[in-house]
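Asker: Predicted coordinates and the sequence they were generated for:
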Amino acid sequence: MQIHKSEFRSVLTCARVVYRSEGLAAFYVSYPTTLAISIPFNAIQFTVYEQMKRFLNPSHQYSPTTHIMSGAVAGAVAAAVTTPLDVAKTILQTRGTSPDSDIRNARGMMDAFRVIWQRDGVKGFGRGLAPRVLTIMPSTALCWLSYEFFSKLNPNHILNRGSFLCRSCHPEGLML
């Protein structure tokens, strides 16, 4: 339903048509590629985040600016590196609507890579790089900021004395 000029106006209609025309396997054709994206994406994201955090904040103090910047850079690097896999996944997910027989007949990640290479060469593996990086950066920045904020909360003091952080342990504690 996300592709340009999609004929579908509801999820149910889309699912029904895809099932009738391509069978149950169509719903899972890009699943291995999706999993193949997750492992390197997360490994890269965690590694870059930790390195950036140490570089920007060698004192290891809680620093929202450090967490936002480190998260944004980590998300950008992970998104950029895994973009070729995302391009392949998108081909597999939209193959049923393609007028191109090579795309329609792609059965997995290797077929999608072959199509990309034949059509656009190396350049094809970077299609959508900028939008992917620009959408992932803010979400990973906020994710890491939230993670670091909540990891600093002392569970023994949550909501103690009407604040998220016990003021005797954390003078900057937020009042409710």
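Answerer: Structure's in. What do you need?
Asker: ranges for the helices of this structure?
Answerer: 11-22, 31-56, 64-94, 101-104, 109-120, 129-151 (DSSP state H).
Asker: Just want to check the distance between the most centrally placed residue in the chain and Phe46.
Answerer: Centroid-nearest residue in the chain, with CA atoms, centre = their mean: Ile136, separated by 5.9 Å. When distance is defined by CB to CB, to the nearest Å, Ile136 is 14 Å away from Phe46. C-beta here means a position set from N, CA and C on the backbone, and glycine is covered the same way.
Asker: about what we covered before: ranking the helices of the chain by burial, who's on top?
Answerer: helix 64-94 (a mean of 21; mean count of other CB atoms under 10 Å).
Asker: can you give me the angle that helix makes with helix 109-120?
Answerer: Interaxial angle, helix 64-94 versus helix 109-120 (axes from the mean of the first three to the mean of the last three CA atoms, to 10 degrees): 90 degrees.
Asker: Show me what helix 64-94 is packed up against.
Answerer: Judged by 3 or more CB pairs under 8 Å, 6 or more residues apart in numbering; DSSP states H and E, helix 64-94 is in contact with helix 31-56, helix 109-120, helix 129-151.
Asker: how about those helices, which one is nearest Ala15?
Answerer: Distance to Ala15, taken as CB to CB, is lowest for helix 31-56 among these, at 15.6 Å.
Asker: Which neighbouring elements make contact with that closest one?
Answerer: Using 3+ CB pairs under 8 Å, 6+ apart, helix 31-56 sits against helix 64-94, helix 109-120.
Asker: Turn the helices and strands packed on helix 64-94 into a markdown table, including distance to Ala74 and mean pLDDT.
Answerer: Below are these laid out as a markdown table (distance: least, CB to CB, whole Å; pLDDT from 0 to 100):
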| stretch | distance to Ala74 | mean pLDDT |
| --- | --- | --- |
| helix 31-56 | 4 | 92 |
| helix 109-120 | 25 | 92 |
| helix 129-151 | 6 | 94 |
